[in-house]
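# got a predicted structure plus its sequence, pasted below:
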Amino acid sequence: MSEDERAPGGREAAVLAARRASLERLRAAGIEPFALDLRSALGVREPTPLASVRAAFAGLGPDVLTPERRTVAGRVVLARDLGRLRFLVLRDRTGDLQVVAGEDTARFGLLAEVDLGDIIGVTGRVGTTRRGELSVFAEAWAMLTKALRPLPEKWHGLRDPDLQQRRRYLHLITDETPRRHVLARAAVLKALRSVLDRQGYVEVEGPVLQPTAGGAMARPFTTFHHALGIELKLRISLELYLKRLLVGGLERVYEIGRNFRNEGIDRDHLPEFTMLEAYRAWVDYEAMMELSQTLVVEAARAVNGIVGRAPDDLVLPVRGREVDLTPPFERITVLGSVSEAVGEEVRLDRPDLAALAERHGVEVAPAWGPGKIVQELFEALVEPTIVRPTFVCDFPREVSPLARPHRDDPSLTEHFDLVAGGIELVTAFSELTDPIEQRERFELQQRLKEALGGQAHPLDEDFLRALEHGMPPAGGLGLGVDRLLMLLTDAPSLRDLVMFPAQRPASPPDQPVG
RNA sequence: GGGCCUCUAGCUCAAUUGGCAGAGCAACGGACUCUUAAUCCGCAGGUUCGGGGUUCGAGUCCCCGGGGGCCCA
C-alpha cells in the first residue's frame, strides 16, 4: 500500500485539490498542462540555459530593456504577485533567473494558474528591473508541466534527512548539494577512465551474478535463477574474473562497477558501492602505487571546479582537517607504524601479541593468528590517525589471501592500502600467481572463517583452474569510488553521495502491530 | 546486534511542572505596476509515527512496535 492511500490530512487534501482545480481551469482555457515541447507555444525547440542568459548579459545597469529576445524554461521556485505585475523565478540545471510579466504579456490573467513547482517556458526581451535584477520580460509563456504537489518550504527546503533520501527529487530541486555530488561522481568516473584509457587499459565488464562470490570476505546477497535452476550470488568484488582475463592474455584490464555486500550500513558502508579494479601484467605493487597516485590526483582535479576550488588545488578540507594530496604520497609499513604506535617493536613472531593488543584496547578472538592481531592493531591505532595520503605497505600474509608473498619477508605480502584523511581508498597487491599456494590460502581463510563461527564460501574452483593455466606476474588495485568521492567532496556520509541509498520502506499507515 | 538522540499541519519549527496543540512558509479569498524568502488584510488547515498503560487530564511520563540520525560492535 502506498503512503498516498493514507486517509488524507485535511490540509494536504486541500492543496492537492487546488492544484487539480488549476489544472482543469488551464484545460478549460485550451491549454494542455503537460506540453509535448516548447515548439507549439513558443516556436523554439530548446530553451536557452538560464546561466547562459546571465553570462551573456552580465554587467547590465538597472532599468535596461535590450532588444534581445530569449526563450527560457524551468521550474518556478519563487513567485511574487503584485497585481498587474508578476515576478517569477525560474530554475533550470544551470541556475536561477527572474521572469517579469506585466501588461505586455500574452494571457497575463492565466498566469494566476502558475503555482510554485510548475515548469513553464517564457519568451521575452532580456533586461533589468529598476532594482537591477536581470530578467526576461515575458511576451509569451507556456505551461510545460503542471505540478500537482507543492514544493517543500521555499527558504529551508527539505531538512529531514529521511525525506532528503526518500524524495531525492525534492532534495535536488531545493538544495544544490546533492546536485554537486552527482556532478562530482560523473567527473570522477570520467577522470578515472581517462587515466586508465590513456595507459592502455581495456575496460571490461565481468558478471554481477556469480555461482560463488569471491575475491573478498563478505556476506553476499543471494538470488535464484529459475531457468538455470541454480542459486546465484551478487558479486562482492571484481577481482577473480579480472584475473581470469589476465590469464586470457588481456594484460591491462579494468572494471568500474557495483559490488554488493549484505552487511551493515553506516557512514562508510553501503550495501551496494562502486569499485574500480585495475590489473596490469609485468608490474608489481610499486607500479600500483604510481597508478593510485595518478588516479587520486586526477580525480581531485576533476572535482575541484564542481566544489568551487581552484583547478590545481590539492589541499582539501576533510572532516575538519586539511588533507594535502600533492604527490609523492608517504609510505609506511604495517609493522613499523604499529610498532611506533605501541612504543615497542611489534613482530609477527612475538609470543605475547595477544596480550599486547589487549593492553592497547584491542579485543582478540582466540582464532586470530598473529597477522590478524597486527592488522586489528593497525586499524585501531594507526589508520584513523593518517591524514596525509599514505601507502601502508606489507600486510601479514594471513590477512591477505590474494597477494604475493613479500620478496624480502615471506611472512608478509606485497600488499598496500592507500589511506588519506582516515579513509581507506585503495587496496593493491603484487598479485599471487602460484595456484598451489592460492588454494592453500583460500583453505586457510575458510578454516579461519569457520573458527570464527562464520559460514565459509565454497572455493571458486574455476578461478584456481585458470591460475593453473598460468597468470602472468601482475600488479592490481581496487579503489573505492564512493569513498574517494567522500574524501574529495567532504560529504559526511556515503549516503550523501548515492542518490537513492537502500532504505527500509517508510512505515506504512495501517501496519499491524507485532 | 548494543547505546544515545529524534519523529507535532504539505514543508520548516514552537508548545513552561502533565493543564485549551501554536507560528512562519505553502494553500485559499482579497489589495497592490519593480518585487528579491515581496508586503498588507482575511480565512482555513492536526490520527502530535502506530498501539497500549499511568492520570481528573498525556505532544509531554511508562511499556511494546515502526521510520530516521549519530556513536559503538
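Happy to help now that I have it.

# could you use CA atoms for every contact and neighbour count after this?
Fine.

# ranges for the helices of the stretch 401-514 of chain A?
Per DSSP state H, counting those that start in this stretch, the stretch 401-514 of chain A carries helices over the ranges A:435-451, A:461-469, A:481-489.

# tell me which of the ones you listed is the most buried.
helix A:481-489 (a mean of 23; mean count of other Cα atoms under 10 Å).

# get me the contact residues on the stretch 101-250 of chain A for RNA strand B.
Contact residues, the stretch 101-250 of chain A versus RNA strand B (Cα under 7 Å from any atom of the strand): A:102-103, A:115-116, A:129-133, A:150-163.

# try it again with 6 Å
A:103, A:115-116, A:129-133, A:150, A:152-162 (Cα under 6 Å from any atom of the strand).

# mind listing which of those are in helices?
A:161, A:162 (DSSP state H).

# which among the residues of the stretch 101-250 of chain A next to RNA strand B count as buried?
Listed as buried from those are A:115, A:116, A:129, A:133, A:152, A:157, A:158; burial here means 16 or more other Cα atoms under 10 Å.

# in the residues you listed, find the pair that's most separated.
Using Cα to Cα, the pair of those lying farthest apart is A:129 and A:158, separated by 30.8 Å.

# so which of the helices of the stretch 401-514 of chain A is nearest RNA strand B?
Nearest to RNA strand B among the helices of the stretch 401-514 of chain A is helix A:481-489; the distance by Cα to the nearest atom of the strand comes to 12.4 Å.

# rewinding a little: let's have the buried ones among the residues of the stretch 101-250 of chain A next to RNA strand B in JSON lines, adding pLDDT.
As requested, those are exported to JSON lines (pLDDT from 0 to 100):
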{"residue": "A:115", "pLDDT": "95"}
{"residue": "A:116", "pLDDT": "95"}
{"residue": "A:129", "pLDDT": "97"}
{"residue": "A:133", "pLDDT": "97"}
{"residue": "A:152", "pLDDT": "92"}
{"residue": "A:157", "pLDDT": "90"}
{"residue": "A:158", "pLDDT": "91"}
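
# which residues does stretch A:434-442 contact?
Residues outside stretch A:434-442 that contact it (Cα atoms under 8 Å, 6 or more residues apart in numbering) are A:401, A:402, A:432, A:459, A:464, A:465, A:467, A:468.

# with adjacent residues omitted, what lies nearest to the first one?
In this structure, residue A:401 finds its nearest non-sequential neighbour in residue A:441, 5.4 Å apart by Cα to Cα, 6 or more residues apart in numbering.

# that older thread, for residue A:29, which of the helices of the stretch 401-514 of chain A is the nearest?
Residue A:29 sits nearest to helix A:481-489 of all those, at 48.2 Å, using Cα to Cα.

# can you name the farthest residue from the center of chain A?
The centre of chain A is farthest from one residue, residue A:103, which by Cα atoms, centre = their mean lies 48.0 Å away.

# hang on, that residue packs against residue A:109?
No: using Cα atoms under 8 Å, residue A:103 is not in contact with residue A:109, being 9.6 Å away.

# check contacts around residue A:138.
Here residue A:138 is in contact with A:99, A:100, A:101, A:102, A:104, A:105, A:122, A:123, A:124, A:125 (criterion: Cα under 8 Å, 6+ apart).

# ok, for it, nearest residue in space, not its chain neighbours?
Using Cα to Cα, 6+ apart, the closest residue to residue A:138 is residue A:124 (4.4 Å).

# what mean pLDDT does the helix or strand the one you found falls within have?
In this structure, residue A:124 is located in strand A:119-128 according to DSSP states H and E. With pLDDT averaged residue by residue, strand A:119-128 scores 97.

# same check on stretch A:438-449?
Mean predicted lDDT for stretch A:438-449 stands at 90.

# in the helix or strand residue A:54 falls within, which residues are buried?
Per DSSP H and E: residue A:54 is located in helix A:50-56. Judged by neighbour count using 16+ other Cα under 10 Å, the buried positions of helix A:50-56 are A:50, A:51, A:53, A:54.

# and for stretch A:208-221, what's in contact with it?
A:231-240, A:259-263, A:402, A:457-460.

# buried among those residues? Make that a PyMOL selection.
With 16+ other Cα under 10 Å as the burial test, the buried ones among the contacts of stretch A:208-221 are selected in PyMOL as follows:
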select buried, chain A and resi 232+233+234+235+236+237+238+239+240+259+260+261+402+457+460
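
# can you name the residue of the stretch 351-500 of chain A nearest to RNA strand B?
For the stretch 351-500 of chain A, Cα to the nearest atom of the strand, closest residue to RNA strand B: residue A:493, 5.5 Å.

# nearest spatial neighbour of that residue, chain-adjacent residues omitted?
Spatially, and ignoring its direct neighbours in sequence, residue A:493 is nearest to residue A:267 (4.5 Å; Cα to Cα, 6+ apart).

# surely that neighbour and residue A:491 touch.
No: when contacts are counted by Cα under 8 Å, residue A:267 is not listed as touching residue A:491 (9.8 Å).

# looking at these two, which one has more neighbours?
Counted by other Cα atoms under 10 Å, residue A:267 and residue A:491 do not tie: residue A:491 has more neighbours, with 19 against 12.

# hang on, that one packs against residue A:498?
No: using Cα under 8 Å, residue A:491 is not in contact with residue A:498; the gap is 10.9 Å.

# domain assignment for chain A?
A:9-145, A:176-329+A:388-496 (automatic domain parsing).

# out of these, which one sits most buried?
By mean count of other Cα under 10 Å, the domains of chain A have domain A:176-329+A:388-496 as the most buried, with a mean of 19.

# CA-only coordinates of stretch A:322-330 in PDB, if you can.
Only the C-alpha atoms of stretch A:322-330 are listed here, as PDB (Å, rounded to 0.1, in the frame of the first residue of the first chain):
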ATOM      1  CA  GLU A 322      43.300  19.600   5.800                       C
ATOM      2  CA  VAL A 323      44.500  16.800   3.500                       C
ATOM      3  CA  ASP A 324      47.300  17.600   1.100                       C
ATOM      4  CA  LEU A 325      47.100  15.300  -2.000                       C
ATOM      5  CA  THR A 326      50.300  16.700  -3.500                       C
ATOM      6  CA  PRO A 327      52.500  13.700  -4.600                       C
ATOM      7  CA  PRO A 328      54.600  11.900  -3.800                       C
ATOM      8  CA  PHE A 329      52.400  10.200  -1.100                       C
ATOM      9  CA  GLU A 330      54.100   9.000   2.100                       C
END
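
# quick one: average pLDDT of that stretch?
For stretch A:322-330, the per-residue pLDDT averages 96.

# what pairs with the top strand by length along chain A, parallel or antiparallel?
In chain A, ranked by residue count with DSSP state E as the criterion, the top strand is strand A:65-81. Strand A:65-81 pairs in its sheet with strand A:86-92 (antiparallel), strand A:119-128 (antiparallel), by DSSP bridges.

# after the shortest one, heading C-terminal, what element do we hit next?
Read in the C-terminal direction, the helix or strand following strand A:86-92 is strand A:95-101, with elements assigned using DSSP H and E.

# same question for that next one, mean pLDDT?
97.
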